[in-house]
Each structure stands twice: as structure tokens, then as C-alpha cells.
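J.: only the shape, not the letters, is given here:
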């Protein structure tokens with residue numbers, strides 16, 4: 001570990017101006033609140049004028065940013081109270097994320113979920129100069145609470161429930177909205193905010209398309225082209241990589257096999273968690289830019305944060321996300337490659353079919369060789385420079401089953417191991433480690449329940465898939481009867497509300513509603529098509 005002299009928050013902030021010049025054009029072509037409001041942004045976030053660091057970055061300016069900054073610079077000093085008055089005078093500040101309204105008297109859970117969709121649906125968005133919201137052409141569903149915008153991987157799991165409830169209109173709208181983001185930025189950002197554009201999230205777009213019943217050849221062609229553009233984003237820089245080298249999201253394993261990692265094109269603190277990231281870097285004893293990059297990459301993973309990404313398995317300051325070739329990401333990219341091949345077959349594009357079939361086969365072989373650990377009984381993440389597999393069994397072990405990149409023997413071993421180590425009274429554990437981070441034990445998350453249930457069903461492991469589904473539904477039902485809420489995450493050991501992480505547990509909640517509703521509907525419970533590879 002590189003040891004550096006202790007930094008103050010001010011010193012780290014000054015260093016950011018230098019690192020900003022080293023960013024790729026894609027990272028800086030879209031200005032974030034930190035870019036636009038520099039010193040004002042820094043003061044608001046480090047003084048913690050708002051309890052949630054996401055509040056100010058979601059604010060909408062009442063006039064041109066340049067005019068706001070001119071007035072700010074004309075003042076020598078601000079007390080906290082004066083600074084807050086200045087912000088409210090110049091920005092429309094969002095209120096604390098409103099929770100979905102709890103039903104006064106408890107209804108049937110299925111009916112309750114149906115009643116939440118209108119509360120979580122938002123109209124099209126027009127971008128405002130100086131604001132962070134990205135334009136969205138069609139209505140969409142948000143997670144809820146502090147999450148006021150559409151999010152990438154959340155939305156696939158939300159859409160499962162929308163489809164079950166007959167809301168094909170919203171499913172199609174959201175596929176088109178994500179397609180529009182690919183058109184605008186070359187990829188789907190983490191969420192529809194400027195400060196999310198420098199990273200993506202687990203690539204579930206192909207699975208969203210798989211939920212569509214639209215067969216119009218023109219629509220199919222446009223969606224296949226967008227999947228190919230997304231694939232190109234993830235594979236940028238693959239040409240010419242030597243073993244042990246990486247470029248952006250692509251890595252070459254020690255034997256030269258190409259896999260992927262999570263990454264972010266910026267190496268500065270996240271706008272929405274600015275103070276928290278500065279403090280993590282200050283206590284890390286590491287170069288701040290590397291800590292920021294790994295924190296951002298952890299956010300791209302969706303597992304923000306987890307012992308999976310920590311060098312010591314417990315401390316956030318040791319985060320090393322970019323050093324890891326993760327099971328989930330590489331499985332999803334296999335799924336994407338298979339989906340592109342299948343889409344090209346519908347378009348009678350034989351060359352495309354051959355190219356992406358070849359990619360999928362090579363990736364499946366690399367997943368098996370580098371990420372399968374027979375003695376440990378699961379698919380594990382690996383350090384891409386050395387090939388060392390990390391002894392962190394997690395729910396990510398189910399992703400190769402979800403996409404069909406496993407074989408029957410390995411799927412059976414995964415199921416046997418999960419019975420022993422990952423199954424909890426209230427559903428599937430995220431990891432077996434307790435760190436206080438939200439993507440660790442004892443929390444359980446809706447998307448991981450679905451990935452496991454669907455993956456196990458694909459390989460005929462009905463007993464475990466049924467047990468996970470039954471326990472999860474009971475957990476959600478119990479909390480709903482107790483509080484009237486659908487939560488972002490649950491403590492599946494004690495079967496109650498979850499906790500941990502950077503912010504309070506949110507309710508609403510898009511992907512919990514979607515997965516819970518889908519698990520009530522066996523007719524849509526099969527996973528996306530993807531075939532099986534040995």
C-alpha cells in the first residue's frame with residue numbers, strides 16, 4: 001500500500017483541480033454540479049448544509065449558473081445560515097424524498113403493489129441548464145425516496161412487476177428511455193443525472209428488451225443496434241491488451257483472456273457523496289484519486305458498498321473495485337452477447353451472429369476457467385492482474401446460472417453450497433460478512449433474490465429456488481403488515497427492515513415491488529433466454 005502524508009479535506013479538494021485535466025473527454029463532456037458550482041458546491045457539501053449529500057446536487061437553479069457564481073464570489077464569507085439562505089434564494093431545493101404513501105388499512109400485498117405504480121411514475125423530463133436531471137422523453141418509474149430519477153439496473157427488476165401487473169406501456173416507455181440514453185451518451189448512465197454519466201451500472205438493458213412483446217422489425221433492429229453500442233462501451237480498449245493489462249472497463253487476465261471490471265471515467269469524489277468520499281480518502285493512507293476511482297467503480301457495480309470490493313474484507317478505505325474481475329458483470333456481458341447474437345439472427349445478419357456467438361463462447365470459457373472455484377463450491381470474483389480468486393462467497397455466484405453460462409454440474413454445486421451458507425430465515429444473503437455496509441450480511445436485496453430464483457429454475461434446482469422465493473415473500477409481507485411499507489432492503493436474518501450504508505433505508509420501492517410481484521406470478525418467472533455453455 002502506498003503511504004502518503006495526511007491530507008486535509010481542503011488539500012484533497014485542491015488536488016481535484018489537477019486530476020480533472022487528466023479525465024477522458026467522455027467524463028467531462030457533461031458538466032456536473034461540482035463542475036458548474038465549484039467553490040459553492042464544495043462549501044455546501046463539506047459544511048453538510050443538508051443531511052443528504054444528494055439534496056443540493058438535485059437542486060434546480062433559478063437563473064444562469066454564471067450569474068449565481070458571480071454573486072457567490074462577490075461575498076467574502078458566508079456563515080452556514082447565510083450560505084443556506086443563498087442556496088434557497090438561487091435554487092429550487094428538493095424536499096426530502098417523499099415515501100410512497102402507506103396504506104392506512106392493510107390490503108392484499110398484490111393490490112398494494114399495484115397501487116404504488118402511479119405514485120412512483122414520473123412524467124417526461126426536460127433538461128434545465130445548470131440542473132443535473134437528464135432529459136427523458138417518456139414516463140418512467142423511479143425507485144422512490146431519495147431516488148427521484150430513473151436508475152439503470154433497478155429498472156429491470158421494477159419492470160418485472162410492471163409486466164406482471166399488465167403495464168406493458170411503462171415497460172416499453174422505459175426501454176425507449178434507456179435507448180435514448182444510449183443514443184445520447186453511448187451507454188446507460190448509473191441514473192438519469194449529469195453526475196452519473198461517467199459510469200454505468202450492471203448491464204441489464206438486454207434483459208429489459210427481453211421483456212418486450214414488440215416484434216416490429218424496425219424496433220427490433222433499433223434495439224439490437226443499441227445493445228451493440230452498449231457492448232462497445234463496455235469493451236472499449238480491448239484491442240491490443242496484453243496479459244495483466246487493463247483499459248477502462250476491459251481487463252486481460254494472466255493467460256490473455258478478456259474479461260471486464262467496474263470502472264468510472266472520473267477519479268474525483270462522487271458529487272452526491274462528496275463529503276463521505278473525501279473522508280474515506282483522508283483515512284485511507286492511499287492516493288485520493290485511486291480511492292475515489294474505486295468508490296465510483298463500486299457505485300457502478302450497484303453493490304455500494306460490500307466486502308466484495310475491500311482488500312481487508314471489512315474496511316471501506318481499502319476498497320479496490322477496479323482491481324477485480326467480478327462474476328456478475330462478466331455474466332451479464334455474456335447475456336448481452338447472446339442477446340445480440342439472437343437479435344442479429346432475427347435480422348438475418350449472419351456475420352453478427354457468428355461474431356457475438358464467438359464472443360459469448362470465449363467469455364463463458366473465461367468465466368469457467370478464472371471465476372469458478374470447485375473446492376469453494378461457487379463462482380468467485382478474481383484479481384485480474386494475478387488471476388487469484390477471492391474467497392468471498394456472495395449472491396453473485398448465481399449470475400452464471402441466471403444467464404446460462406454455467407453447466408448442470410456446477411449449478412448443482414452452487415445450489416448445495418448456497419443451502420449451507422447463503423440461505424437465511426428471510427431469504428438469500430448478499431454475502432456472509434458483517435461489515436456495516438448495506439451490501440453485506442444480514443441484508444437481503446430484491447434483485448439478488450430474483451437472479452438466484454430465476455437462475456436456479458433454469459437448471460432445475462426447484463427446491464432451493466422455491467425456498468428462497470417463499471422466504472422472501474414472507475419477509476416482505478411481514479414488514480408490510482407491520483409498517484405498511486415496501487423497503488429498499490431487508491434484514492433477512494431477523495426478518496425486519498434492513499440497514500447500514502451511507503443513507504437511511506428507503507421505502508417505495510421500485511425493485512422490491514417488481515420482484516415481489518413477479519415472484520407471485522409463475523408465468524413470468526423464467527429468466528431471459530441465453531442458452532447454456534459448458
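T.: Cool, got the structure. Since this is a predicted model, take the numbers as computed values, not measurements.
J.: okay, now the domains of this structure?
T.: 31-92, 109-263+274-524 (automatic domain parsing).
J.: and among the ones you listed, the most buried is which?
T.: Ranked by mean neighbour count, these are led by domain 109-263+274-524 with a mean of 21 (mean count of other Cβ atoms under 10 Å). (Each C-beta comes from the backbone N, C-alpha and C, glycine too.)
J.: figure out how far that domain is from the centre of its chain.
T.: Put simply, domain 109-263+274-524 sits 6 Å off its chain's centre (Cα atoms, centre = their mean, to the nearest Å).
J.: mean confidence for that domain?
T.: Averaging pLDDT along domain 109-263+274-524 gives 97.
J.: please enumerate residues in contact with stretch 225-236?
T.: 179, 182-183, 186-188, 200, 203, 205-206, 209, 247-250, 260, 333, 336-337, 339-340, 343, 352 (Cβ atoms under 8 Å, 6 or more residues apart in numbering).
J.: likewise for stretch 339-359?
T.: 206-207, 209-210, 217, 220-221, 223-224, 227-228, 231, 337-338, 360, 528-530.
J.: do stretch 109-125 as well
T.: With Cβ under 8 Å, 6+ apart, stretch 109-125 has contacts from 100-101, 103, 106-107, 133-144, 148-150, 161-162, 165, 167, 170, 192, 476-477, 480, 486, 508, 510, 513, 516-517, 520.
J.: who's in contact with the closest residue to residue 140 other than its chain neighbours?
T.: Once flanking residues are discounted, residue 140 sits nearest to residue 150: 4.7 Å by Cβ to Cβ, 6 or more residues apart in numbering. Residues near residue 150 by Cβ under 8 Å, 6+ apart: 122, 136, 140, 141, 142, 174, 177, 178, 191, 192.
J.: how about these in CSV, adding distance to residue 468 and secondary structure?
T.: Below are the contacts of residue 150 laid out as CSV (distance: Cβ to Cβ, whole Å; DSSP: H, G, I helix; E, B strand; the rest coil):
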residue, distance to residue 468, secondary structure
122, 31, strand
136, 34, strand
140, 29, strand
141, 25, strand
142, 27, coil
174, 26, helix
177, 31, helix
178, 28, helix
191, 28, strand
192, 31, coil
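J.: wait, a helix at residue 360?
T.: Yes - the assignment for residue 360 by DSSP: H, G, I helix; E, B strand; the rest coil puts it in a helix.
J.: quick one: contacts for it?
T.: 334, 337, 338, 341, 533 are the contacts of residue 360 under Cβ under 8 Å, 6+ apart.
J.: please redo it, this time with the cut-off set to 6 Å
T.: Counting by Cβ atoms under 6 Å, 6 or more residues apart in numbering, residue 360 makes contact with 334, 337, 338.
J.: nearest to residue 386, of those residues?
T.: The closest of the contacts of residue 360 to residue 386 turns out to be residue 334 (Cβ to Cβ; 22.7 Å).
J.: pretty sure the closest one sits against residue 406.
T.: No - Residue 334 is beyond contact range of residue 406, at 10.3 Å (criterion: Cβ atoms under 6 Å).
J.: how near is residue 262 to residue 384?
T.: In this view, residue 262 and residue 384 are 11 Å apart by Cβ to Cβ, to the nearest Å.
J.: and for residue 183?
T.: Taking Cβ to Cβ, one finds residue 183 at 31 Å from residue 384.
J.: what about the contacts of stretch 225-236, which are in strands?
T.: 247, 250, 260 (DSSP state E).
J.: excluding covalently adjacent residues, which one is nearest to residue 141?
T.: Using Cβ to Cβ, 6+ apart, the closest residue to residue 141 is residue 120 (5.0 Å).
J.: wait, residue 508 sits on residue 145?
T.: Yes - Residue 508 is within contact range of residue 145, at 5.3 Å (criterion: Cβ under 6 Å).
J.: hmm, back to that, and the contacts of stretch 225-236, which of them are in helices?
T.: 179, 182-183, 205-206, 209, 333, 336-337, 339-340, 343, 352 (DSSP state H).
J.: let me have those in TSV, extended by distance to residue 442.
T.: Listed next are these as TSV, based on distance: Cβ to Cβ, whole Å:
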residue	distance to residue 442
179	38
182	37
183	41
205	31
206	32
209	34
333	30
336	32
337	35
339	34
340	38
343	40
352	45
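J.: and residue 427, what are its phi and psi?
T.: In terms of degrees, to the nearest 10, the main-chain angles of residue 427 are phi 140, psi -150.
J.: any idea how far it is from residue 470?
T.: For residue 427, the distance to residue 470 - Cβ to Cβ - is 9 Å.
J.: ok, the residue nearest to residue 437 when sequence neighbours are not counted - contacts?
T.: Spatial nearest neighbour of residue 437, excluding adjacent residues (Cβ to Cβ, 6+ apart): residue 305 at 4.6 Å. Listed by Cβ under 6 Å, 6+ apart, the contact set of residue 305 reads 298, 316, 437.
J.: can you lay out those residues as CSV showing secondary structure?
T.: What follows is those, written out as CSV (three-state DSSP):
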residue, secondary structure
298, helix
316, helix
437, coil
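J.: from the residues you listed, pick the one nearest residue 371.
T.: For the contacts of residue 305, the nearest to residue 371 is residue 298 (18.7 Å; Cβ to Cβ).
J.: isn't that closest one right up against residue 323?
T.: No - when contacts are counted by Cβ under 6 Å, residue 298 is not listed as touching residue 323 (11.6 Å).
J.: element containing the closest residue to residue 165 other than its chain neighbours, please.
T.: Using Cβ to Cβ, 6+ apart and skipping residues adjacent in sequence, the residue nearest residue 165 is residue 114, 5.3 Å away. Applying DSSP states H and E as the criterion places residue 114 in helix 109-120.
J.: residues contacting residue 382?
T.: 325, 370, 371, 389.
J.: show me which of those is closest to residue 292.
T.: So of the contacts of residue 382, ranked by how close each gets to residue 292 (Cβ to Cβ), first place is residue 325, at 20.9 Å.
J.: distance of the closest one from residue 388?
T.: With Cβ to Cβ as the criterion, residue 325 and residue 388 are 10 Å apart.
J.: going along the chain, name the strands of the stretch 201-350 of the chain.
T.: Secondary structure of the stretch 201-350 of the chain by DSSP state E, counting those that start in this stretch: the strands cover 246-247, 250-252, 258-260, 324-325.
J.: quick one: residue 387 and residue 252 touch, right?
T.: No - Residue 387 lies out of contact with residue 252 (Cβ under 6 Å); the separation is 10.9 Å.
J.: shared neighbours, those two?
T.: With Cβ under 6 Å, 6+ apart, residue 387 and residue 252 have no common neighbours.
J.: closest to the centroid, which residue in the chain?
T.: Most central in the chain under Cα atoms, centre = their mean is residue 302, positioned 2.9 Å from the mean C-alpha point.
J.: who's in contact with that residue?
T.: Residue 302 touches 153, 201, 202, counting by Cβ under 6 Å, 6+ apart.
J.: how about the contacts made by the second one?
T.: By that I understand residue 201. Contacts of residue 201 (Cβ under 6 Å, 6+ apart): 152, 153, 190, 302.
J.: let's go with 7 Å and repeat that
T.: 152, 153, 190, 300, 302 (Cβ atoms under 7 Å, 6 or more residues apart in numbering).
J.: circling back to that earlier point, go through the contacts of stretch 109-125 and flag which are in strands.
T.: Per DSSP E, the contacts of stretch 109-125 map to strands at 140, 141.
J.: need the longest helix for the protein.
T.: helix 462-483.
J.: need the overlap of contacts for residue 427 and residue 470.
T.: With Cβ under 7 Å, 6+ apart, residue 427 and residue 470 have no common neighbours.
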